[in-house]
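Q: Curious how this folds, go ahead:
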Amino acid sequence: MSAVLTEFQHSVLWHVMTGKLSISQDYNLSNVIKTQNTTEWFSDIPKHWGSVKLGNYVSLSNGSNSKTKGSYPLYGANGIIGSSNTWNVLKNTLLIGRVGSCGKLFLTPNKGHASDNSLIFQTQLSHKYLFYLLSIAPVDSCINKNAMPLLVGSTLLRLRIPLPPPEERARILAFIEKFTHFIPDSAPAIKALNEWYQSMLFHGLTGGAQ
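A: Below is the predicted model of the structure:
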């Protein structure tokens, strides 16, 4: 059942984040627009959404090494790898693996220290919103897959993303936050899956399935 839930979650995220599942208004073919660049990973989006480069809203910086243990969690490319006596990121800061677990997204649960194996997002956008959005984006295409795979930050910043207005992003994030409370392999998860399926039917899905 957990595999089914994972696939379902990904599908809902993709539909919500690309405007296929409306959270705030009726969705029909008259209020969508096809993006002009056929190389983009999303196609039809609502007319009032933007198709923008990630780098227009985000900058990236490298984490740093920390050799002294302390009271702060030390974040690597794929979560907590130790402790540090210093901090360089706040709670709910978005990190992405630069080497090792390249492209792995991580939202910090607490104030801590991001190591040199990760890139730190600086943005006025919600880090949580970007976490969910980039989890369905083709981040793997930004990885230089040589002997030592490396995420190329400049390539990531050129990635185009769909971006709705601020108030709609807030509604979408609230929708997703409820959605992510599924518990795999349990009766509540199956019940929740059915409820979300009925909700999707109510709101109406259009466009191709992912």
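Q: From now on I want contacts and neighbour counts done on CA atoms only, so please keep to that.
A: Will do.
Q: Can you give me the domain boundaries for this protein?
A: Split into domains by automatic domain parsing, the chain comes to 2-49+166-203, 54-163.
Q: Please render those domains as TSV that adds mean neighbour count to the earlier fields.
A: Compiled in TSV, those are given as follows (neighbours: other CA atoms under 10 Å):
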stretch	mean neighbour count
domain 2-49+166-203	15
domain 54-163	18
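Q: Can you lay out those domains as JSON lines showing mean pLDDT?
A: Converted to JSON lines, those look like this (pLDDT from 0 to 100):
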{"stretch": "domain 2-49+166-203", "mean pLDDT": "66"}
{"stretch": "domain 54-163", "mean pLDDT": "92"}
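Q: any idea where the strands of this protein begin and end?
A: 32-34, 44-46, 50-53, 58-62, 72-76, 79-84, 94-97, 105-107, 113-114, 118-123, 143-144, 150-151, 160-163 (DSSP state E).
Q: Out of those, the one nearest H15 is which?
A: For H15, the closest of these is strand 44-46, at 10.1 Å, according to CA to CA.
Q: what about the closest one, distance to the chain center?
A: Relative to its chain's centre, strand 44-46 lies at 18 Å (CA atoms, centre = their mean, to the nearest Å).
Q: Show me what that strand pairs with in its sheet, parallel or antiparallel.
A: strand 32-34 (antiparallel) (DSSP bridges).
Q: now the helices: where do they sit in this structure?
A: 2-17, 127-134, 153-157, 166-179, 187-203 (DSSP state H).
Q: now for the third one, which elements pack on it?
A: What that stands for is helix 153-157. Counting contacts by 3 or more CA pairs under 8 Å, 6 or more residues apart in numbering; DSSP states H and E, helix 153-157 packs against strand 58-62.
Q: contacting residues around the strand it packs on?
A: S115, D116, N117, S118, L119, I120, F121, Q122, T123, Q124, G153, L157 (CA atoms under 8 Å, 6 or more residues apart in numbering).
Q: now these in CSV, with distance to G76?
A: As requested, these are exported to CSV (distance: CA to CA, whole Å):
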residue, distance to G76
S115, 5
D116, 8
N117, 6
S118, 6
L119, 10
I120, 11
F121, 14
Q122, 17
T123, 20
Q124, 23
G153, 16
L157, 21
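Q: Go ahead and confirm I143 touches C102.
A: Yes. If you go by CA atoms under 8 Å, I143 and C102 touch, sitting 7.0 Å apart.
Q: what about stretch 52-70, how long is it end to end?
A: 40 Å (CA to CA, to the nearest Å).
Q: P73 reaches T86, doesn't it?
A: No. Counting by CA under 8 Å, P73 sits too far from T86 to count as a contact (9.1 Å).
Q: any common contacting residues for those two?
A: Contact criterion CA under 8 Å, 6+ apart; residues shared by P73 and T86: G112, H113.
Q: Name whatever forms a beta bridge with L95.
A: What pairs with L95, by the bridge criterion (DSSP bridges), is F106, I120.
Q: From here on, call the first residue 4.
A: Will do, 4 is the new start, and the previous item becomes L98.
Q: wait, it sits on L108?
A: Yes. Using CA under 8 Å, L98 is in contact with L108, at 5.9 Å.
Q: L97: what's it in contact with?
A: L108, F109, L110, T111, I123, F124, H130, K131, L133, F134.
Q: ok, now with 6 Å
A: F109, L110, F124, H130 (CA atoms under 6 Å, 6 or more residues apart in numbering).
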